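Peer 1: Take a look and give me a structure for this.
(2 chains)
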Amino acid sequence: NAGVTQTPKFQVLKTGQSMTLQCAQDMNHNSMYWYRQDPGMGLRLIYYSASEGTTDKGEVPNGYNVSRLNKREFSLRLESAAPSQTSVYFCASSESLNTEAFFGQGTRLTVV
Amino acid sequence: QKEVEQNSGPLSVPEGAIASLNCTYSDRGSQSFFWYRQYSGKSPELIMFIYSNGDKEDGRFTAQLNKASQYVSLLIRDSQPSDSATYLCAIGSSNTGKLIFGQGTTLQVKP
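Peer 2: Predicted coordinates for the structure are as follows:
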């Protein structure tokens, strides 16, 4: 079982470049999430999607956009990358809101 | 006040001891509570979830929930060096359902 798959695993961007982080789950989950993790900060929610066709802001949405492409896929886009967006990004999915979430392997992003 | 608070540690316990990890939360209406373990450089993995007041046991792990006092704890019995990791508490928001994490507690189990 693949579970939650994120691509790419590593990425280096120059300031101002754009990129999209991809996430797909094969567990038929309704809800999906994007988090970032910085040292000493825990996991902070960027955006989430309660179900196909809906997206909502989390704790730190500025500088990001998301697309819930279908039930399986939830992408995160950085339109103009900034050094402050250097972080490890995790995608997660759950059967529904308020149920246990399962995480992808993470994307380590560096913006120089 | 942060929505979910944990002591960052490190919490150091000898092998075979009980490790006690605590988490407090601010949203009194929260419905769901989770404990995740994260090894360095890896993604979080679910250990326990609890929805009702009281204790829930799974092997060496026990989750305890007290909604009146707004805290949830994780006890690890017979701690092993392989339990050394960061433990993340997560709370499901009552009104939005979004999953909010604490900053995590680093546990060190010394042989």
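Peer 1: just checking, what packs against the helix or strand containing B:T62?
Peer 2: Taking DSSP states H and E as the definition, one finds B:T62 inside strand B:61-66. The elements that strand B:61-66 packs onto, with contact taken as 3 or more CB pairs under 8 Å, 6 or more residues apart in numbering or on different chains; DSSP states H and E, are strand B:32-38, strand B:45-50, strand B:54-58, strand B:71-76. Where C-beta positions appear, they are placed from N, C-alpha and C, glycine not excepted.
Peer 1: how about 10 Å then?
Peer 2: With contacts defined as 3 or more CB pairs under 10 Å, 6 or more residues apart in numbering or on different chains; DSSP states H and E, strand B:61-66 has these neighbours: strand B:19-25, strand B:32-38, strand B:45-50, strand B:54-58, strand B:71-76.
Peer 1: Tell me the strands beside that strand, with direction?
Peer 2: In its sheet, strand B:61-66 lies beside strand B:54-58 (antiparallel), strand B:71-76 (antiparallel), with partners assigned from DSSP bridges.
Peer 1: average pLDDT for the shortest one?
Peer 2: Pointing back at strand B:54-58 there. Throughout strand B:54-58, pLDDT has a mean value of 96.
Peer 1: For that strand, buried residues please.
Peer 2: Buried residues in strand B:54-58, defined by neighbour count with 16 or more other CB atoms under 10 Å in any protein chain shown: none.
Peer 1: ok and that strand relative to strand B:45-50, angle-wise?
Peer 2: Strand B:54-58 and strand B:45-50 meet at an angle of 140 degrees, taking axes from the mean of the first three to the mean of the last three CA atoms, to 10 degrees as the criterion.
Peer 1: same thing with the last one?
Peer 2: What separates the directions of strand B:71-76 and strand B:45-50 is an angle of 120 degrees, with the same axes, to 10 degrees.
Peer 1: List of residues touching strand B:71-76?
Peer 2: Here strand B:71-76 makes contact (CB atoms under 10 Å, 6 or more residues apart in numbering or on different chains) with B:4-5, B:13, B:17-25, B:30, B:33-37, B:47-48, B:50, B:55, B:57, B:59-66, B:83, B:87, B:89-91, B:102, B:105, B:107, B:109.
Peer 1: gap between it and the chain center?
Peer 2: Remark: strand B:71-76 is offset 5 Å from the chain centroid, using CA atoms, centre = their mean, to the nearest Å.
Peer 1: got the CA coordinates for that strand in CSV?
Peer 2: Coordinates of the C-alpha atoms in strand B:71-76 are reproduced here as CSV (Å, rounded to 0.1, in the frame of the first residue of the first chain):
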residue,chain,number,x,y,z
TYR,B,71,-5.3,17.9,28.9
VAL,B,72,-4.4,14.7,27.2
SER,B,73,-1.4,12.6,28.1
LEU,B,74,0.6,9.6,26.8
LEU,B,75,2.2,7.0,29.1
ILE,B,76,4.8,4.7,27.7
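Peer 1: Would you mark the buried spots in the helix or strand immediately after it in the chain?
Peer 2: If you walk from strand B:71-76 toward the C-terminus, the next helix or strand you reach (DSSP H and E) is strand B:85-92. Using 16+ other CB under 10 Å as the test for burial, strand B:85-92 gives B:A85, B:T86, B:Y87, B:L88, B:C89, B:A90, B:I91, B:G92.
Peer 1: With stretch A:69-89 instead?
Peer 2: Taking 16+ other CB under 10 Å as the neighbour-count basis, stretch A:69-89 is seen to contain the buried residues A:71-76, A:78, A:81, A:85-89.
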